[in-house]
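Peer 1: coordinates only, sequence not included:
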């Protein structure tokens, strides 16, 4: 069974609108963390945002926010006021266990976002 | 600039050839890993290392070897390339005392014909 599920292979959004990219996860650990990465067409992986399982507030980084719903095991990425430069692949990832040490993150299969002018 | 350096950026191999993908980081990160990225499959872990002299297998290790003789370098070896190894390969590193903050290299696009 997949530990990270991204059900939207492709998403389209109009420039300046908000968009939500879905991510659900599966873990039996109490301590874990969730990440989102952006991969533009140039290929590099860009870290966007992180949420720890014990964080009570949803993480925010500029136009990015992570809608963390622990009971539903979801960690959706919300991008507000989309820009053309947001067109990219987006990957959700999870680390299980304690925050330090040799955890191994698991990545989802990604969602392709296209922002229309 | 500090970061993770991967070489080469592009490579074409013939089936059966061997080669080494290089990965070097200058951030004194203990943890280094290799991923492969295939369309629709996301990133899958090949091998990882938590320090010099320590390596372990990830999800898809078959056909690949690694070694970690120094903190800085973590090369990935393909002993006998196969078309199924056509992929984009990423090296990533982080400090063990950080919960997140992976630094990725720019990737190596490998084609095996």
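Peer 2: Everything's here; your move. The structure presented is a predicted model; accordingly, all values stated were derived computationally and were not measured.

Peer 1: In chain A, mark out all the strands, start to finish.
Peer 2: A:4-5, A:10-14, A:19-21, A:24-25, A:32-39, A:46-52, A:60-61, A:64-69, A:74-79, A:88-96, A:106-107, A:111-116 (DSSP state E).

Peer 1: So for residue B:102, which of those strands sits nearest?
Peer 2: Closest approach to residue B:102 among the strands of chain A is made by strand A:46-52 (6.5 Å; CB to CB). For glycine as for every other residue, the C-beta is placed from the backbone atoms N, C-alpha and C.

Peer 1: residues of the closest one that come out buried?
Peer 2: Residues of strand A:46-52 classed as buried by neighbour count (16 or more other CB atoms under 10 Å in any protein chain shown): A:47-52.

Peer 1: Name the residues of chain B found near chain A, please.
Peer 2: Within reach of chain A by CB under 8 Å from any CB of the partner chain, chain B has these residues: B:31, B:33, B:35, B:40-45, B:48, B:50, B:58, B:88, B:90, B:92, B:96-102, B:104, B:106-107, B:109.

Peer 1: Just those: which are in strands?
Peer 2: Counting by DSSP E, the residues of chain B next to chain A place B:31, B:33, B:35, B:42-45, B:48, B:50, B:88, B:90, B:92, B:104, B:109 in strands.

Peer 1: Nearest residue to the middle of chain B?
Peer 2: Closest residue to the average C-alpha location of chain B: residue B:34 at 3.0 Å, with CA atoms, centre = their mean.

Peer 1: doesn't residue B:20 make contact with that one?
Peer 2: No - using CB atoms under 8 Å, residue B:34 is not in contact with residue B:20, being 11.6 Å away.
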